[in-house]
Every structure is written in structure tokens, then in C-alpha cells.
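Asks: Coordinates only, no sequence provided:
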């Protein structure tokens with residue numbers, strides 16, 4: 001890595017000061033996307049960023065998906081992955097794999113990486129402590145054990161934050177009868193940010209942000225309003241896996257979250273660049 005001059009380094013640190021002061025003590029929910037989790041270098045950088053946030057007084061909550069890991073496990077079992085409206089069709093057998101991967105392998109790996117970076121993390125699923133209760137999602141027809149969130153109880157999250165821990169939440173929820181539901185991680189992040197009255201929600205994905213035309217990389221939108229976002233979903237400009245992300249933005253902002261950002265989680269240290277510098281990256285969605 002090419003070294004930077006001490007003047008540049010000093011300027012970057014000083015530039016971060018007002019942002020650190022502004023966000024100290026505030027909750028920031030970070031959704032770490034499955035497709036942004038494929039590089040070990042990127043994973044390590046994200047965990048370092050999250051630990052840095054905690055060290056300067058921010059209270060991060062990390063919500064994660066794990067699409068690539070789930071796909072890999074399903075492929076090994078000979079189960080084909082299907083999606084409707086950006087949501088994974090989840091029959092009983094698929095649900096078992098989803099829970100095993102998300103709440104087991106992926107969740108604990110993230111916890112271990114945070115602790116390797118010097119932080120203290122606790123891995124949870126939405127089933128722990130009654131954190132997330134869901135019922136069957138039917139907006140896209142019958143797509144199996146895909147959940148729609150009906151209740152969020154943040155008591156456990158607040159208790160962990162008060163003790164200095166970084167909660168790491170997988171997107172598996174409990175039904176009222178104890179069954180497991182697969183809930184889109186973007187949706188979990190948006191609902192959790194709302195319930196926690198978070199200062200910010202940051203959605204990390206594998207694209208730079210939201211585009212007016214995804215085929216035209218010059219059409220990246222740096223700032224957009226909720227009405228604009230709704231219009232783009234309604235017209236079909238925003239489709240597939242980006243639909244739950246944008247809907248999560250809208251839910252969070254209408255629920256009182258201060259600001260929502262969609263950024264490229266494959267860029268090293270994109271999280272702290274977005275939080276602590278004057279150089280905005282990705283797309284900021286606002287009321």
C-alpha cells in the first residue's frame with residue numbers, strides 16, 4: 001500500500017472530528033449484505049470499521065444476510081434457489097439450511113472477526129430474547145417460510161449496547177407458534193433501526209448505490225427523497241434485490257431514523273469514509 005503524507009493523514013483525522021462528536025452516543029444500524037461478504041479482505045475491513053465506530057463512542061448494531069453462503073449450502077444439497085420480488089422462496093427444507101447458515105456459520109464468523117479486530121460482539125438471531133416476531137409474508141403469494149415482521153422488542157439490544165457489546169443479528173425470526181421465518185436482512189435492518197430510534201441506517205451491498213439506469217454507471221443518484229424512491233419502485237426502475245433495500249430505506253425514514261445510506265460494501269473502509277469524511281459515497285435517501 002502506498003503511504004500517504006503526514007499532512008494528508010492529519011487532515012483526514014481532523015476532518016473526522018465533527019462527525020465523531022456528532023454521532024458519539026448514537027445508535028447506527030449497519031446492514032452487511034451477503035454479496036459484500038465474499039472477500040476476506042473486505043470482511044476484515046468492515047469489522048475494523050465497526051470496532052472503530054464503537055471505540056469513538058458510536059453504538060453500532062450489525063445486521064447481516066448471507067446469500068452466497070446459503071446458495072453454496074443449498075447447491076451442495078441439490079436444492080435450487082428461487083427468488084420472487086427479491087425474496088428467497090423458502091420451503092421447510094430450505095428454512096432449515098437458512099437458519100443453520102445464518103444463525104450458525106455466518107453469524108459466528110462475523111462475531112469472531114469483530115473480536116479479532118479488538119471489539120466485543122454478541123451473536124443473535126431475531127429469535128433470541130423475542131427480538132423479532134414475524135408472520136408469513138403473502139404479498140408475493142405463497143413463498144414458504146418467508147416472514148413479515150410484526151413486532152420488534154429491542155430490550156436485549158439495549159442491554160448489550162449499555163454493556164459495550166456490538167450486537168450481531170442474523171435475519172431469522174420467530175413466529176407466534178415458535179416456527180422459524182426467513183426475513184430479508186434489509187427489512188430486518190430497517191425495522192430494527194426504526195425500533196432503536198437509530199441516528200443512521202447504512203445498507204452495505206455490492207453496488208455503488210442506486211442508479212436511474214443500472215446499465216449506465218454515470219446515472220448514480222447521490223441524494224434522493226422518499227417520494228422519488230417510491231416512484232422508482234412503482235415504475236420498475238428499481239427491481240429485484242434492490243427492492244427490499246429501498247423499501248427498508250423508506251420504512252426507516254418514515255419511522256424517524258435520521259438518515260439512510262446505500263453504499264458499496266466491497267470498497268475497503270467504505271463505512272468509515274461514509275461516516276467520518278466530507279466525501280459522501282453511494283446514495284443518501286432522505287425525507
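Replies: Sure, I can see it. All figures in this text were calculated on a predicted structure; none of them were measured in a lab. Numbers count the residues shown, from 1 in each chain.

Asks: pretty sure residue 9 belongs to a helix, no?
Replies: Yes. Applying DSSP: H, G, I helix; E, B strand; the rest coil, one finds residue 9 inside a helix.

Asks: Count residues in the vicinity of it, would you?
Replies: Residues contacting residue 9 under the criterion other Cβ atoms under 10 Å number 11. Glycine gets a C-beta too; all of them are placed from N, C-alpha and C.

Asks: how is this structure carved up into domains?
Replies: 37-198, 204-287 (automatic domain parsing).

Asks: As CSV, these with mean pLDDT would be great.
Replies: Below are those laid out as CSV (pLDDT from 0 to 100):
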stretch, mean pLDDT
domain 37-198, 93
domain 204-287, 87
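
Asks: Of all the ones you listed, which one is nearest residue 15?
Replies: Nearest of those to residue 15, taken as Cβ to Cβ: domain 204-287 at 5.6 Å.

Asks: measure the closest one end to end?
Replies: Distance between the two ends of domain 204-287: 20 Å, counting by Cα to Cα, to the nearest Å.

Asks: now do stretch 157-173
Replies: 15 Å.

Asks: Identify each buried residue in that stretch, please.
Replies: For stretch 157-173, a neighbour-count test (16 or more other Cβ atoms under 10 Å) marks 157, 160, 161, 165, 166, 167, 168, 169, 170, 171, 172, 173 as buried.

Asks: Show the contacting residues for residue 265.
Replies: Taking Cβ atoms under 8 Å, 6 or more residues apart in numbering, we find residue 265 in contact with 32, 33, 36, 37, 42, 46, 204, 205, 206, 271.

Asks: Spatially, which two of those are the most separated?
Replies: Pairwise distances across the contacts of residue 265 peak at 14.3 Å for 206 and 271 (criterion: Cβ to Cβ).

Asks: out of these two, which sits in the busier spot?
Replies: Neighbour tally, residue 206 and residue 271, criterion other Cβ under 10 Å: the higher count belongs to residue 271, 27 against 18.
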